[in-house]
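Student: Model the structure of this input:
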Amino acid sequence: MKRFVLLALVCILVMTACAPQAQKPAGAVLKVSNGNIEKSYSADDLKALGKVQGTFKGVAYVGVTLTVLLKDAGIDPAGLAAVKAVATDGFTANYDAALFNREDTMVAYARADGSALTEDEAPFSMVLPNESGKLNPRKLTQIVAMP
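Tutor: As a prediction, the model looks like this:
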């Protein structure tokens, strides 16, 4: 009986180890969540969602609109009270519906000239043209949707 239990345990461990693992995006990752849903995006994932351009402080960026990103993550922007952007250093910026629903509010993954974001901006940057610097956090790692 002990041999049978031991053999069953070994079989379970082997099957667990051989089970397919969830694919995680390579490189930098942006997490989008609302408490129930969490989805991770690489720069290539963001590129696949579309391409818009926006300018902040004379620099043109390429990215995806925040509303498109939220919808892709399974989050309905119409049901949100606010969205919070979180940077690698813990800096956060909060956006009410008037800001996060704008067509020019975007998450940038590159510069419009085709170059990568600088070390001070990467992996991603929030871009809200014509808004103050505190609403344009760099080194973005997370977007949190708040109902």
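Student: Can you read off the pLDDT for the most centrally placed residue in the chain?
Tutor: Central residue of the chain (CA atoms, centre = their mean): L30, 3.0 Å from the mean position. pLDDT, L30: 97.
Student: likewise K51?
Tutor: pLDDT recorded at K51 is 94.
Student: Return the residues in contact with it.
Tutor: K51 makes contact with V62, G63, V64, according to CB atoms under 8 Å, 6 or more residues apart in numbering. Quick note: C-beta positions are derived from backbone N, CA and C, even for glycine.
Student: cool, P137 as well?
Tutor: A85, V86, A87, F91, T92, A93, S125, M126.
Student: next one: L140
Tutor: L30, A85, V86, A87, T88, V107, P123, F124, S125, M126.
Student: hang on, D44 in a helix?
Tutor: Yes. Counting by DSSP: H, G, I helix; E, B strand; the rest coil, D44 falls inside a helix.
Student: quick one: pLDDT of it?
Tutor: In this prediction, D44 has a pLDDT value of 96.
Student: ok, how many other residues are close to it?
Tutor: 11 (other CB atoms under 10 Å).
Student: got it, and T118?
Tutor: T118: 11 neighbours (other CB under 10 Å).
Student: Name the SS class of it, please.
Tutor: coil.
Student: Ok, G27 next?
Tutor: coil.
Student: And it, how far from S40?
Tutor: Between G27 and S40 the computed distance is 11 Å (CB to CB, to the nearest Å).
Student: ok so, going back, for the residue nearest to the centre of the chain, what are its contacts?
Tutor: So L30 contacts S40, Y41, S42, L46, V107, P123, F124, L140, T141, Q142, I143 (CB under 8 Å, 6+ apart).
Student: Bridged to it, which residues?
Tutor: Y41 (DSSP bridges).
Student: Ok, Y95 next?
Tutor: V83.
Student: correct me, but it touches R102?
Tutor: No. Contact criterion CB atoms under 8 Å: Y95 and R102 do not qualify, at 9.0 Å.
Student: To what extent is F124 buried, counted in neighbours?
Tutor: 30.
Student: Same question for P77.
Tutor: 16.
Student: how close does it get to A112?
Tutor: P77 is 25 Å from A112, where distance means CB to CB.
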